[in-house]
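Q: Got a sequence here, can you model it:
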Amino acid sequence: MSKIVAIIPARYDSKRFPGKLLERINEKTIIQLTYERVKQATKIDEIIIATDDQRIIDECRTFGANAELTFVSHKSGTDRCAQVASEFWGDDIIINVQADEPFIEPDIIDLLAQKMQDDSWIEIATLCTEIKAIDEKLNTNIVKVVKDINNNALYFSRAPIPFDRDSKGDTPAFRHIGIYGYRNKVLQSITKLPESTLEKTEKLEQLRWLENNYKIHAFETDYQGFGIDTPEDLKKYL
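A: Residues are numbered from 1 along each chain as shown. Reported below is the predicted structural model:
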């Protein structure tokens, strides 16, 4: 039976907020808070923090987490996950949880894990939530997704999609929640693909997978996602 492994890619030198994973909220670092939330999920068999920096390894040891040092050269968290997951079986399920989400709900991790376990045909799965505010739809830092009738992603974009030409406002728009589930054999394959044209244009790696005909199933959830991307984000919780 396949194992479900949660991998938390933890890059130290974030462009907008270097070292943010070692910042503290109520005496605990962001990486510890994220790990503890993932640990509350009931469907996960193993948790690994995949990092590029010894400082994060040292911090993880203080709260008993399993952490592995990965190549500094990785361009994405997906690449970091793939390196660590290369030691697992091809049929194992890998859940990629962003390290800067210290308030992630364990239930949505379980939701994604359960969907991957129940539907063996799913190659890659992710989550999305309906956008309610127009400023979110227009915000280029918020990634949007449009889906087909079977909830497979058709496209991801920083632009407001779908474009409401007649301004009727009756077509829902969805925000992408950046947690992924992969079959490990698929994860190993997609990280070997060269960067694609659309990926380079939008700076979204999931477009590489779509361009190469991999299907991404996007499940809808009410969870909004609360990542710590900037020092200003952190101040909200201090």
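
Q: Show the average pLDDT along the lengthiest strand in the chain.
A: In the chain, taking DSSP state E as the definition, the longest strand is strand 174-183. What strand 174-183 shows for mean pLDDT is 97.

Q: got the contact list for the most centrally placed residue in the chain?
A: The chain has Ile179 as the residue nearest its centroid, 2.8 Å off, counting by CA atoms, centre = their mean. Neighbouring residues of Ile179 by CB atoms under 8 Å, 6 or more residues apart in numbering: 95-98, 104, 108-109, 112, 126-127. Yep, even glycine has a C-beta here, placed from its N, CA and C like the rest.

Q: Show me what the helix or strand just after the longest strand of the chain packs onto, helices and strands only.
A: Using DSSP states H and E, the helix or strand that follows strand 174-183 in sequence is helix 184-190. Contacts defined by 3 or more CB pairs under 8 Å, 6 or more residues apart in numbering; DSSP states H and E place helix 184-190 against helix 77-85, strand 93-96.

Q: between these, which gets nearest to Ile228?
A: Ranking those by proximity to Ile228 (CB to CB) places helix 77-85 first, at 14.7 Å.

Q: For that closest one, the averaged confidence score.
A: Mean pLDDT, computed over helix 77-85, is 98.

Q: ok, and what's touching it?
A: Contacts to helix 77-85, defined as CB under 8 Å, 6+ apart, come from residues 5, 7, 9, 11, 48, 50-52, 68, 70-71, 74, 92, 94, 96, 98-99, 180, 182, 184, 187-188, 190-191, 205.

Q: just the angle between it and strand 174-183, please?
A: For helix 77-85 against strand 174-183, the angle by axes from the mean of the first three to the mean of the last three CA atoms, to 10 degrees is 20 degrees.

Q: Determine how far helix 77-85 lies from the middle of the whole chain.
A: Chain-centre distance of helix 77-85: 12 Å, with CA atoms, centre = their mean, to the nearest Å.

Q: got it, and stretch 192-208?
A: The chain centre lies 16 Å from the centre of stretch 192-208; the measure is CA atoms, centre = their mean.

Q: still on that earlier bit, pull up the pairing partners for the longest strand of the chain, direction included.
A: When pairs are called by DSSP bridges, strand 174-183 turns out to pair with strand 93-96 (antiparallel), strand 124-130 (antiparallel), strand 144-147 (antiparallel).
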